[in-house]
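just to be clear, the model below is a prediction. Sequence and coordinates:
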Amino acid sequence: MILGVLKDRKAGEYRVIATPVEVSTIKADGHTVLVERDAGKMAGFTNEEYEQYGAEIVETMEELYDRSDMVAKVKEIEEAEYPLLKENQIVYTCIHPAAHEQQVQAILDSKCIAFTAEDSHRYGSVNCEAAGKQGALMGLQAMLTINGGKGKFVSGLGGAPGMKVLILGGGLVGKSALQVLHSLGAWCTVMDINFGTLREIGQLYNETVNTQLSTKENIAKLLPEIDMVINCVKWPKGNTEYLIDRDMLNLMEKGSVIVDISNDTDGALESFRETTHADPIYIENGIVHYCVSNIPGAIAHSTSVAYAASVLGHLRSILNVGVQEACIRDGYLRRSLTAYKGYLTHEETSAIQNRPWIHPNDILQIAQESLDPAPPATITKSRNLLHATSLIKSS
């Protein structure tokens with residue numbers, strides 16, 4: 001097969017989904033690898049390096065889409081790419097389909113086979129780790145007086161106390177942010193709805209980190225003494241409530257910082273609006289907000305190396321044994337199947353966008369196989385389900 005490695009075009013995005021090392025491995029499997037010119041340049045990988053490891057450099061994304069059986073990149077498919085998608089072409093990238101209706105429509109119209117990478121990680125995404133760690137550091141930068149913040153130093157100075165930080169969500173993102181901030185001397189509290197997670201964090205840090213049940217009431221009680229809030233909660237789509245509404249900003253001291261790593265429109269924070277690396281912060285009600293959506297792009301080399309290694313297995317499996325067999329072997333890849341030849345296969349997107357969907361097991365006709373298990377990607381459910389019999393009747 002022919003794999004095309006695309007250059008990411010989202011503003012402020014500098015990562016690449018495959019480094020020359022992964023290209024070499026895929027070439028050794030017997031496949032052809034096309035790399036769009038300068039796809040890895042900002043992450044520190046030259047066109048010459050890709051060529052040395054067996055890739056062919058392609059001048060334009062149009063040519064790459066036209067020649068590739070499978071295309072891969074890091075972030076969402078941009079509008080300029082919609083008409084380039086082809087029937088039966090395999091796409092692997094972070095689609096975030098529930099939040100991008102036009103992108104989903106373009107995918108369905110093209111009748112391509114699309115995987116949303118963020119749902120495919122068995123051990124959590126490297127990008128989540130990077131977002132948590134680098135997001136914590138970005139929050140410290142937003143705290144600087146020159147950026148409108150309080151001007152507090154994270155661990156304090158002789159005679160001056162350190163920062164108090166509230167981390168919402170104890171998953172991979174939250175734990176990664178905690179790792180950085182605790183090591184730098186911040187006074188940290190982690191809130192989550194899972195007592196097992198809270199107990200694990202307490203034990204890991206020898207009870208030097210405070211843990212609490214995540215409720216709006218507990219947050220409101222704590223906000224007056226908090227210098228920085230880091231939101232790492234994956235907010236259920238369709239939930240119209242907020243963990244922190246705009247009125248609650250008045251509970252915080254002016255110059256306090258909110259870092260929204262989760263970056264969800266209509267998410268846990270009412271005052272959220274997406275920003276970019278070029279213009280990363282805004283101030284609302286006296287509170288400094290840092291809401292960049294692709295934080296890992298700021299450390300493009302490290303995240304590219306780690307992320308490319310983490311997804312190599314998925315790329316090789318699809319290329320070597322095909323979509324059907326790859327999904328039988330890996331439940332996490334199977335649950336990330338978003339669309340298949342004109343049919344939506346992503347339940348959360350069905351629920352949020354009110355579209356009919358069909359289960360990946362049915363569309364791939366693998367329900368009777370011995371399938372590798374995986375938990376659902378989200379708790380969101382849709383009743384708008386098509387069954388295999390519907391496909392037979394319509395064909």
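Sure, I can see it.

list of residues touching the helix or strand containing residue 350?
Following DSSP states H and E, one finds residue 350 within helix 347-353. Applying C-beta atoms under 8 Å, 6 or more residues apart in numbering, the contact partners of helix 347-353 are 97-99, 101, 104, 237-238, 338, 344, 355-357, 359, 376-378, 380-382, 384-385. Yep, even glycine has a C-beta here, placed from its N, CA and C like the rest.

ok, 7 Å please
97-98, 101, 104, 237-238, 344, 355-357, 377-378, 380-382, 384 (C-beta atoms under 7 Å, 6 or more residues apart in numbering).

what of stretch 357-365?
324, 327, 334, 337, 340, 343-347, 350, 367, 382, 384-388.

please enumerate the helices of the stretch 51-200 of the chain.
For the stretch 51-200 of the chain, the helices defined by DSSP state H, counting those that start in this stretch occupy 61-67, 101-110, 126-142, 172-183, 195-204.

of the contacts of helix 347-353, buried ones?
97-98, 104, 237, 344, 355, 357, 377-378, 380, 382 (16 or more other C-beta atoms under 10 Å).

now tabulate these in TSV and tack on distance to residue 71 and pLDDT.
Shown next, in TSV, are these (distance: C-beta to C-beta, whole Å; pLDDT from 0 to 100):
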residue	distance to residue 71	pLDDT
97	16	96
98	22	92
104	17	98
237	26	74
344	20	98
355	23	97
357	23	97
377	22	91
378	25	87
380	27	88
382	28	93
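
mind listing which of those are in strands?
344, 357 (DSSP state E).

ranges for the strands of the stretch 151-300 of the chain?
164-168, 187-192, 210-213, 228-231, 257-260, 281-284, 287-290 (DSSP state E, counting those that start in this stretch).

for those strands, give me CSV that also has distance to residue 296 and mean pLDDT.
Output for the strands of the stretch 151-300 of the chain, formatted as CSV (distance: least, C-beta to C-beta, whole Å; pLDDT from 0 to 100):
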stretch, distance to residue 296, mean pLDDT
strand 164-168, 18, 98
strand 187-192, 21, 98
strand 210-213, 26, 98
strand 228-231, 15, 98
strand 257-260, 14, 98
strand 281-284, 18, 97
strand 287-290, 14, 98
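
mind listing what's buried in stretch 116-123?
Within stretch 116-123, the residues scored as buried using 16+ other C-beta under 10 Å are 116-121.

re the thing from before, which of the contacts of stretch 357-365 are buried?
Buried among the contacts of stretch 357-365 (16+ other C-beta under 10 Å): 324, 327, 334, 337, 340, 343-347, 350, 382, 386.

now for these: which two are most distant?
Taking C-beta to C-beta as the measure, the buried ones among the contacts of stretch 357-365 span a maximum distance of 23.3 Å, between 324 and 382.

what sits against residue 374?
Here residue 374 is in contact with 331-332, 334-335 (C-beta under 7 Å, 6+ apart).

now it. Nearest residue, chain neighbours left out?
residue 331 (2.8 Å; C-beta to C-beta, 6 or more residues apart in numbering).

who's sitting farthest from the centroid in this structure?
In the chain, the residue that sits farthest from the middle, by C-alpha atoms, centre = their mean, is residue 159; the gap is 40.3 Å.

and the end-to-end length of stretch 86-98?
21 Å (C-alpha to C-alpha, to the nearest Å).

actually stretch 61-76, not the one I typed
Terminal residues of stretch 61-76 are spaced 15 Å apart (C-alpha to C-alpha).

quick check: mean pLDDT across that stretch?
The average pLDDT within stretch 61-76 is 98.

who touches it?
By C-beta under 7 Å, 6+ apart, stretch 61-76 touches 1-8, 10, 13, 15-18, 34, 36, 58, 81, 84, 86, 89-96, 100, 103, 294, 315, 318-319.

so who does the residue lying closest to residue 268 once chain neighbours are set aside touch?
Among residues not flanking residue 268 along the chain, residue 243 sits closest, at 4.2 Å (C-beta to C-beta, 6+ apart). For residue 243, the contact set (C-beta under 7 Å, 6+ apart) comprises 168, 216, 219, 233, 268-269.

derive a ChimeraX selection command for the buried subset of those residues.
In ChimeraX syntax, the buried subset of the contacts of residue 243 is picked out as below (16+ other C-beta under 10 Å):
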select :168,219,233,268,269
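
need the contacts of residue 243 in CSV (columns: distance to residue 194).
Below are these laid out as CSV (distance: C-beta to C-beta, whole Å):
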residue, distance to residue 194
168, 13
216, 17
219, 16
233, 12
268, 16
269, 20
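
let me know the closest of the contacts of residue 243 to residue 27.
So of the contacts of residue 243, ranked by how close each gets to residue 27 (C-beta to C-beta), first place is residue 233, at 41.0 Å.

the closest one against residue 167, yeah?
No: Residue 233 lies out of contact with residue 167 (C-beta atoms under 7 Å); the separation is 9.8 Å.

could you measure from residue 181 over to residue 194?
Remark: distance between residue 181 and residue 194 (C-beta to C-beta, to the nearest Å) = 20 Å.

ignore what I typed, I meant residue 316.
For residue 316, the distance to residue 194 equals 34 Å [C-beta to C-beta].

neighbour count winner among those two?
Counting neighbours by other C-beta atoms under 10 Å for residue 316 and for residue 194 shows that residue 316 has the greater number, 18 against 13.

work out for me the element the more buried one sits within.
According to DSSP H and E, residue 316 maps onto helix 300-329.

tell me the helix or strand right after that helix.
Using DSSP H and E, the helix or strand that follows helix 300-329 in sequence is helix 331-335.

counting by contacts, list what that next one packs against.
Helix 331-335 makes packing contacts with helix 300-329 when contacts are defined by 3 or more C-beta pairs under 7 Å, 6 or more residues apart in numbering; DSSP states H and E.

show me what the helix it packs on is packed against.
Using 3+ C-beta pairs under 7 Å, 6+ apart: helix 300-329 touches helix 20-28, strand 70-72, strand 90-93, helix 126-142, helix 331-335.

circling back: and the contacts of residue 374, which two are furthest apart?
332 and 334 (7.2 Å).

quick check: chain neighbours aside, which residue is closest to the spatially most central residue of the chain?
Geometric centre of the chain, nearest residue: residue 118, 5.3 Å, by C-alpha atoms, centre = their mean. Spatial nearest neighbour of residue 118, excluding adjacent residues (C-beta to C-beta, 6+ apart): residue 94 at 5.0 Å.
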